[in-house]
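What would the 3D arrangement of this be:
(2 chains)
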Number of protein chains: 2
Amino acid sequence: MPKIPLKNQNLAFSPIRKLTPYAEAAKKRGVKIFHLNIGQPDIASPEIFLKKIKEFNEPVVFYERSDGTEGFKNSLFNYYRRLNLSVKLEDIVATTGGSEALWMAFAILFDPGDECLTFEPTYTNYQTFAELAGVKLKGVHTYLENNFQLPPVTALEQVFTNKTKGIIITNPSNPTGAVYPEAMLKDLVAFCIKHDLFIIADETYREFIYGKVTTRSLLSFKQAEQNVILTDSLSKRYSLCGARLGCLVSKNKIAVEMANKIAQARLASPSIEQYAASFLGEVPQSYFDKVRIEYQARRDTLVFELEKIPDIKVNHPDGAFYLIAQLPVVDAEDFCRFMLEKFEDKGETVMLAPAEGFYLTPGMGVNQVRIAYVLNQESLKRAVELIRLGLVKYHNE
Amino acid sequence: MPKIPLKNQNLAFSPIRKLTPYAEAAKKRGVKIFHLNIGQPDIASPEIFLKKIKEFNEPVVFYERSDGTEGFKNSLFNYYRRLNLSVKLEDIVATTGGSEALWMAFAILFDPGDECLTFEPTYTNYQTFAELAGVKLKGVHTYLENNFQLPPVTALEQVFTNKTKGIIITNPSNPTGAVYPEAMLKDLVAFCIKHDLFIIADETYREFIYGKVTTRSLLSFKQAEQNVILTDSLSKRYSLCGARLGCLVSKNKIAVEMANKIAQARLASPSIEQYAASFLGEVPQSYFDKVRIEYQARRDTLVFELEKIPDIKVNHPDGAFYLIAQLPVVDAEDFCRFMLEKFEDKGETVMLAPAEGFYLTPGMGVNQVRIAYVLNQESLKRAVELIRLGLVKYHNE
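As a prediction, the model looks like this:
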């Protein structure tokens, strides 16, 4: 019997989804679950997209070009132009979700054994794409007490080695919701240029910034344009998680050529969604504004309600739709499982994502959870009430 | 400026698509091109699929489960049951096209430096997925003169080394259209069991077998069920290339667990297509029969017409919708480019795929092309006429 190699032994199931069997069991018992564990917005997808899906009228669902259809790429081009990013069509490779862009970036930019820095807690799936490329992902700590802001460059210099070839940065951040101010990004860019590092800029949550903090796309740093590989996604921006469309953008021609070679091997992204996405330029600014106002209100409600719980600590996110809460428990994963297996109030409970899986350093974040505020305010209030009741019951068990 | 590593320097643009710029230039000149270069069927996608796409009625395009929706997995399960393959739901991981299943298989089964055997000419994109996993793809020759049949096991023993950890086999074959008889597969399976090799069984063209040859799925060899990883696709079976749905199937629980971990990192396959694909069980057997009869007639026409060209040699495929033609030229790629750049007859020309890119051994297949018979018979006749006229003009230049 042939043996599966050990190289992938560190691959982990997603901490966001690993408790799913317990949730399914709870649902089978008739329990209603408020899902705060996954970044699946409940906001309606743009009408124009859903309309165009219905209007797809080809008799054959053909392969499209491997770098994306002209229509979809043009809609991306126009979107970036509105953001004043000087992107050309040939800088863009359409991908099957932002995830595919991340996979490509890790496959292209590194040799096995290379190191890539990230700020922890970090987006958990980076770890898988790094593992598959043989890359060691090294965490630079950020802290709840400090609202998960970027550390000074000296902290980066401390973890930098001669194997460090890049950094991946998520701005706004998943899982913390932190938004990195322009001044800090400047320091980061200078550090990366000094050490010839690639910068994978995951800006999936670009449209979700609530505070007054001034930030900017890493693609806009002219001096770093050969360093930056942008990965982007329609999933959150347009509430189109299941459409599986995103892109990789870079001014680095070799990186784009490599991405295009990989893109050819996987043939193409979905045709029907690309057709519908080519009309996304028609989505008015008011769509984004409305969504942003909605999430800001949710954030305010969530933080306000959570901070009523004794001995809880939460950060105050300026962007995305996540925050990290430190619970008055020893083991947050045990508490999350408890909430699904042993707790319910009036037939309802909550699903949370244990935060430990978002940290690379063992032992960090053990008493933390990531909360996605992707439910309306009434549901959020009830969900927090359930957490509060759950904590009482958990401590009395 | 950071340097893109050299590890991917062998990544190549697809030989099927590399002449596309010349084709686009020809189209801009107003020339009509008969595309024999790409395996994009012109057969209508099943009506039920297109209907259900229009009926997708969710207000939010949600993420689906990373291993595939229950509906889509059930439709795959029922399909395999009809083929008498004893597959369980948990053996199936839904993927974004057969391509993603291939990527996963190479990422899971091998360590960097391992070797994987394939029969050449081979499906060109295996090379990219192997490269990305650091795997050396080693070709075992098959020959036009022999209709590209599998060589005896002694030929496999000759290329086998202690680094050989698997074999990838495409049955029916792309690019040759060869179908491998059951007796030969038995020998192959025995060889793989003897040497503890994984078998990646790419059976994308299963429904396209025209001759009387008896073959079977490698998944049906009970003694090899821990060795076999099936990769499959809806693209050709249902003429749904642009739907980007396929699957990885295995009885090897560790392989499936690894695939599921990767699947979680890339989150999910497209939701709308999975919804529509869950109804594909309603496609009647007559759909497959009609398609098979159509392709068989095309094959017969194509072979008959091609063999009228002086000094041409073609194989007689029993399956898929490809054949290899050896042309009376020194350099088939040069001829293919000539056909796009310098030739037209009544405003028409032909695009072919140079076969050299389907071979791993340098120098092989230089005077060969792959022809996909994905056009109706009248178009095929005209396309062959254009090849004949093109060869005359090419030799008179």
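
Please enumerate the helices of the stretch 251-397 of chain A.
A:253-265, A:271-277, A:285-306, A:332-341, A:377-396 (DSSP state H, counting those that start in this stretch).

secondary structure element for residue A:23?
Using DSSP states H and E, residue A:23 sits within helix A:20-28.

In that helix, which residues are buried?
Neighbour-count burial for helix A:20-28, with 16 or more other CB atoms under 10 Å in any protein chain shown as criterion, is recorded at A:20, A:22-23, A:26. Heads up, the C-betas are built off the backbone N, CA and C, glycines and all.

quick check: mean pLDDT across it?
Over the span of helix A:20-28, the pLDDT mean works out to 93.

Contacts for it, please.
With contacts defined as CB atoms under 8 Å, 6 or more residues apart in numbering or on different chains, helix A:20-28 is touched by A:33, A:35, A:337, A:340-341, A:344, A:349, A:351.

pretty sure residue A:243 is touching residue A:275, no?
No: the criterion here is CB atoms under 8 Å, and residue A:243 misses it with residue A:275 at 11.1 Å.

more neighbours, these two?
Comparing residue A:243 with residue A:275 by neighbour count (other CB atoms under 10 Å in any protein chain shown), the higher total belongs to residue A:243, at 28 against 21.

and residue A:390, how many neighbours?
With other CB under 10 Å as criterion, residue A:390 counts 23.

distance of it from chain B?
Distance, residue A:390 to chain B, using CB to the nearest CB, to the nearest Å: 25 Å.

That residue contacts residue A:342, correct?
No: applying CB under 8 Å, one finds residue A:390 not in contact with residue A:342, separated by 9.2 Å.

Does stretch A:211-218 reach chain B?
No: Stretch A:211-218 is not in contact with chain B by CB under 8 Å from any CB of the partner chain; minimum separation 13.9 Å.

In that stretch, which residues are buried?
Under 16+ other CB under 10 Å, the buried positions of stretch A:211-218 are A:211, A:215-218.

Can you list the neighbours in contact with it?
A:83, A:85, A:169, A:171-172, A:179-182, A:185, A:189, A:199, A:201, A:203, A:206, A:209, A:224, A:228, A:230, A:318-319.

Contacts only, for the closest residue to chain B within the stretch 101-250 of chain A.
Closest residue of the stretch 101-250 of chain A to chain B, CB to the nearest CB: residue A:242 (2.9 Å). Residue A:242 is in contact with B:61-64, B:268, B:270-272, counting by CB under 8 Å, 6+ apart.

now swap in residue A:29 and tell me
With CB under 8 Å, 6+ apart, residue A:29 has no contacts at all.

do the same with residue A:324
Taking CB under 8 Å, 6+ apart, one finds A:121, A:144, A:148, A:175-177, A:314-315, A:355, A:365, A:368-371 in contact with residue A:324.

Closest to the centroid, which residue in chain A?
Centroid check for chain A by CA atoms, centre = their mean gives residue A:174 as the closest residue, at 4.7 Å.

hang on, it in a strand?
No: the assignment for residue A:174 (DSSP: H, G, I helix; E, B strand; the rest coil) gives coil, which keeps it out of a strand.

ok, the closest residue to it other than its chain neighbours - contacts?
Setting aside the residues directly before and after it, residue A:174 is nearest to residue A:123 in space (CB to CB, 6 or more residues apart in numbering or on different chains), at 5.0 Å. Residues near residue A:123 by CB under 8 Å, 6+ apart: A:170, A:174-175, A:202, A:358.

So residue A:123 versus residue A:137, what's the distance?
Residue A:123 is 10 Å from residue A:137, where distance means CB to CB, to the nearest Å.

ok, now residue A:43?
For residue A:43, the distance to residue A:137 - CB to CB - is 31 Å.

Next: residue A:181.
24 Å.

from the contacts of residue A:242, which are also near chain A?
For chain A, the contacts drawn from those by CB under 8 Å from any CB are B:61-64, B:268, B:270-272.

between the residues you listed, which is nearest residue A:329?
residue B:63 (28.3 Å; CB to CB).

okay, now that closest one: neighbour count?
For residue B:63, the count of nearby residues is 20 (other CB under 10 Å).

ok, how many other residues are close to the nearest residue to it once chain neighbours are set aside?
Distance criterion CB to CB, 6+ apart; nearest residue to residue B:63, sequence neighbours excluded, is residue A:241 at 4.3 Å. Residues lying near residue A:241 (other CB under 10 Å) number 24.

List the residues that contact residue A:241.
A:40-41, A:235, B:61-63, B:267-268, B:271.

Residue A:169 too?
Taking CB under 8 Å, 6+ apart, one finds A:118-119, A:180, A:188, A:199-202, A:218 in contact with residue A:169.

could you pull out the helices for the stretch 101-250 of chain A?
Remark: helices assigned in the stretch 101-250 of chain A by DSSP H, counting those that start in this stretch are A:125-132, A:153-159, A:182-194.

which one of those helices lies closest to residue B:287?
helix A:125-132 (37.6 Å).

ok, back up a step: tell me the most packed of the contacts of residue A:242, by neighbour count.
Among those, residue B:61 has the most neighbours (other CB under 10 Å), with 28 neighbours.

Got phi/psi on it?
Dihedral angles of residue B:61 (phi, psi; degrees, to the nearest 10) stand at phi -80, psi 90.

correct me, but residue A:210 touches residue A:294?
No: in this structure, residue A:210 is not within contact of residue A:294 by CB under 8 Å, at 10.5 Å.

Give me the more crowded residue out of those two.
Using other CB under 10 Å as the criterion, residue A:210 and residue A:294 rank with residue A:210 on top: 22 against 16.

Check what pLDDT the nearest residue to the more buried one once chain neighbours are set aside gets.
Distance criterion CB to CB, 6+ apart; nearest residue to residue A:210, sequence neighbours excluded, is residue A:296 at 4.2 Å. What the model reports as pLDDT for residue A:296 is 96.

Go ahead and confirm residue A:296 touches residue A:209.
No: if you go by CB under 8 Å, residue A:296 and residue A:209 don't touch, sitting 9.4 Å apart.

who's more crowded, the two?
residue A:209 (21 against 17).

what sits opposite the more buried one in the beta ladder?
With DSSP bridges applied, residue A:209 shows beta-bridge pairing to residue A:319.

So residue A:87 is in contact with residue A:81, correct?
Yes: here residue A:87 reaches residue A:81: they are 7.4 Å apart, a contact under CB under 8 Å.

Between the two, which is the more surrounded one?
residue A:87 (20 against 11).

Please report how far the more buried one lies from residue A:280.
Going from residue A:87 to residue A:280 by CB to CB gives 16 Å.

same thing with residue A:105?
Residue A:105 is 23 Å from residue A:280, by CB to CB.

For the two, work out which one has more neighbours and name it.
Shown here are residue A:105 and residue A:280; by other CB under 10 Å, residue A:105 has more neighbours (29 against 23).
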